[in-house]
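Enquirer: with the input below, show me the fold.
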Amino acid sequence: MENPKKVLILTAPFGSGHLQVSSSLTEEFLKHNNVVVEEYDLYSEEFPTLSKTLQKAYLKTYKPIGKDVYRMLYYGSSYAVHDSFQAKILKPYLEFGIRSLRNKIRSFEPDAIISVFPVTSLYTLEEKGFKIPIYTVITDYYASGLWLYKGARRHYVANNRMVAWGVANGLTQNQFMLTGIPIHGKFYKELNRQELYRKYDLDPAKRTVLVAAGAHGVVSHVDDIAERLASQPEIQVVVVCGNNTKLYDQIVQLSKDYHNLKVLGYCTEMHELLEIADLMVTKPGGISLTEAAVKGVPVILYNPVYGQELENAKYFSDKNAAVIVSSESELIYHVLIILNEEGLLDEMKNNIKQLSREYSAKTIVEDVLKDSDEYYKQ
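Expert: Next up, the predicted model:
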């Protein structure tokens, strides 16, 4: 038997999206014979204390001051920063973890590297003598310049806007492939809706609004939103609180007064909830939006933060697949309009479904395996 092909996936713990994408790719790679894949979280494994500090800082971007700081950092890198004068200023950041990354590569000896987070020290490998094909999976519907790497064989993206933007910033069109964002295969499976209504104790005759607070429960005022929605007896509300135990306890108390209000903590069955949801209220993370698109569930995006979330929100709003709101009253208004105005819900369901691409992980994995073979034949 020939030696197995080794694939190293670089991921990161900042938000749950990057970890979910790397997990989805690993799941798909393992369907292939003679492939060994390893996920490597450089930040958590090599710099655990710093990683926890950065994760806390990331969550603070949902606070008023944090939003403004993140906006400056994000839009300040809106072009290919590693090829610019800006790179000289940011050199310490761009080379962060470079020694650990090189040590990992020497020990694992990958035949291909996939980055699902802009690990910028990756950009220095070629000049240091490493000859390994590199691929990038961009996990949102827009990306800052930190994602762009002229040495990458391919950038896998969710829409043509990112292809055009990358080419405008000096890359070539064949360095991009329109694949969509990879999510777990379970989202593509059809499920028995009646069984799910029974499982979650929901009424099949009522419209279902899913309120997803994010993995860390960072969406603000979820308790007020849940109560105002649940006070409309013609709809039913399912709230997913993520890891926010305080929020979970608050919604549990509310549910004692509203029989049409259900509450869950951290949920690994979002594919089931999206199967029976008519509308979702959430924050505009790239993975959440992709899962909603695959299941054909329109979204109301509450108070998105600057950066990739705002850009994601604007993209879906431009396609009339989502509504951006900045207040609770505006949110309630749009929920009721979408659910009650004739034809509007179906139109939005169709629009968001048009933004989905089937089996993105499968497409990416097959291309990496094929292209990396071609790389070594050159």
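
Enquirer: C-alpha only now, for contacts and for neighbours.
Expert: Fine.

Enquirer: for the stretch 201-350 of the chain, just list every one of the helices.
Expert: 222-230, 245-255, 270-276, 286-295, 308-318, 328-340, 344-354 (DSSP state H, counting those that start in this stretch).

Enquirer: can I get those helices in JSON lines including mean neighbour count and mean pLDDT?
Expert: Formatted as JSON lines, the helices of the stretch 201-350 of the chain follow (neighbours: other Cα atoms under 10 Å; pLDDT from 0 to 100):
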{"stretch": "helix 222-230", "mean neighbour count": "20", "mean pLDDT": "93"}
{"stretch": "helix 245-255", "mean neighbour count": "17", "mean pLDDT": "93"}
{"stretch": "helix 270-276", "mean neighbour count": "21", "mean pLDDT": "97"}
{"stretch": "helix 286-295", "mean neighbour count": "23", "mean pLDDT": "96"}
{"stretch": "helix 308-318", "mean neighbour count": "20", "mean pLDDT": "94"}
{"stretch": "helix 328-340", "mean neighbour count": "16", "mean pLDDT": "95"}
{"stretch": "helix 344-354", "mean neighbour count": "18", "mean pLDDT": "98"}
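
Enquirer: tell me the contacts of the closest residue to Tyr302 other than its chain neighbours?
Expert: Distances taken as Cα to Cα, 6 or more residues apart in numbering place Val325 nearest to Tyr302, at 5.1 Å, with adjacent residues excluded. Counting by Cα atoms under 8 Å, 6 or more residues apart in numbering, Val325 touches Ile300, Leu301, Tyr302, Asn303, Leu331.

Enquirer: tell me which of those has the lowest pLDDT.
Expert: Within the set of these, pLDDT is lowest for Asn303 (88).

Enquirer: what about that residue, how many neighbours?
Expert: 21 (other Cα atoms under 10 Å).

Enquirer: correct me if wrong: it contacts Ser326.
Expert: Yes - the pair Asn303 / Ser326 is scored as a contact, 4.6 Å apart, by Cα atoms under 8 Å.

Enquirer: who does the biggest helix by length in the chain touch, helix- and strand-wise?
Expert: For the chain, the helix with the greatest residue count under DSSP state H is helix 360-377. Applying 3 or more Cα pairs under 8 Å, 6 or more residues apart in numbering; DSSP states H and E, we find helix 360-377 packed against helix 17-29.

Enquirer: how does it look with 10 Å?
Expert: Judged by 3 or more Cα pairs under 10 Å, 6 or more residues apart in numbering; DSSP states H and E, helix 360-377 is in contact with strand 5-11, helix 17-29, strand 112-115, strand 134-137, strand 154-157, strand 176-178.

Enquirer: the first one: partners in the sheet, and parallel or antiparallel?
Expert: I take that to be strand 5-11. The pairing partners recorded for strand 5-11 under DSSP bridges are strand 35-41 (parallel), strand 112-115 (parallel).

Enquirer: please look at Met162 and His155 and confirm they touch.
Expert: Yes - Met162 is in contact with His155 according to Cα atoms under 10 Å; the separation is 9.5 Å.

Enquirer: just to revisit the earlier point, most tightly surrounded among the strands paired with strand 5-11?
Expert: Most buried of the strands paired with strand 5-11, by mean neighbour count (mean count of other Cα atoms under 10 Å): strand 112-115, with a mean of 23.

Enquirer: can you tell me what sits against it?
Expert: 5-12, 18, 22, 25, 37-40, 105, 122, 131-138, 147, 152, 154-155, 365, 368-369, 371-373, 375 (Cα atoms under 10 Å, 6 or more residues apart in numbering).
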